[in-house]
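Participant: Would you be able to build a 3D model of this:
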Amino acid sequence: MFPGLSTIWPEYALPVINYRKRILDQSIKNAVEAGYADNTAAYSWTSGRFGNCTGTGPCFDYQYHLNADIVLSVADYYKQTGDMAFLMETGWPIIEHVTNFFAAYVKLENGTYHTFNLTDPVSNPGMTLRLG
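Facilitator: The predicted structure follows:
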């Protein structure tokens, strides 16, 4: 839904990102409470108005791709508008914290990157990315 909004009506897409920016501090707390550094962020699956991890909106071992989707929405909005002030003030803090989370989450073992609990379509408990 977001790519269509940002393409046709970017002014209606912006509140979606502004909401993610508003709950960024809670998303950072979510990550820290799970043992990640304070330069990371983990958004909950269903966040309500607070953005905290709950029984209906888990943050860990569930639906990590949501965080990547949030970063993609920021990048998409910037591509559509070219608004550098938005990117620096609103978008970059989201991009930085979420990508730091993924950098900490993905593990390199014997030349292979591993992720787990991505809830992929084939119900595989993990995904392996092989190098060269």
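Participant: Could I get the buried residue list for stretch 12-30?
Facilitator: For stretch 12-30, a neighbour-count test (16 or more other Cβ atoms under 10 Å) marks 13-14, 16-17, 20-21, 23-24, 26-30 as buried. To be clear about C-beta, it is placed using only N, CA and C from the backbone, and glycine gets the same treatment.
Participant: And these, which is closest to residue 49?
Facilitator: Closest to residue 49 out of these is residue 23 (8.1 Å), distances taken as Cβ to Cβ.
Participant: do you know how far the most centrally placed residue in the chain is from residue 42?
Facilitator: Geometric centre of the chain, nearest residue: residue 67, 1.8 Å, by Cα atoms, centre = their mean. The spacing between residue 67 and residue 42, counted by Cβ to Cβ, to the nearest Å, is 6 Å.
Participant: Could you tell me which residues touch both of those two?
Facilitator: Taking Cβ atoms under 8 Å, 6 or more residues apart in numbering as the criterion, residue 67 and residue 42 both touch residue 101.
Participant: can I assume residue 27 is in contact with residue 43?
Facilitator: Yes. Using Cβ atoms under 8 Å, residue 27 is in contact with residue 43, at 4.8 Å.
Participant: Secondary structure for the buried residues of stretch 12-30 - can I get that in CSV?
Facilitator: Listed next are the buried residues of stretch 12-30 as CSV, based on DSSP: H, G, I helix; E, B strand; the rest coil:
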residue, secondary structure
13, helix
14, helix
16, helix
17, helix
20, helix
21, helix
23, coil
24, helix
26, helix
27, helix
28, helix
29, helix
30, helix
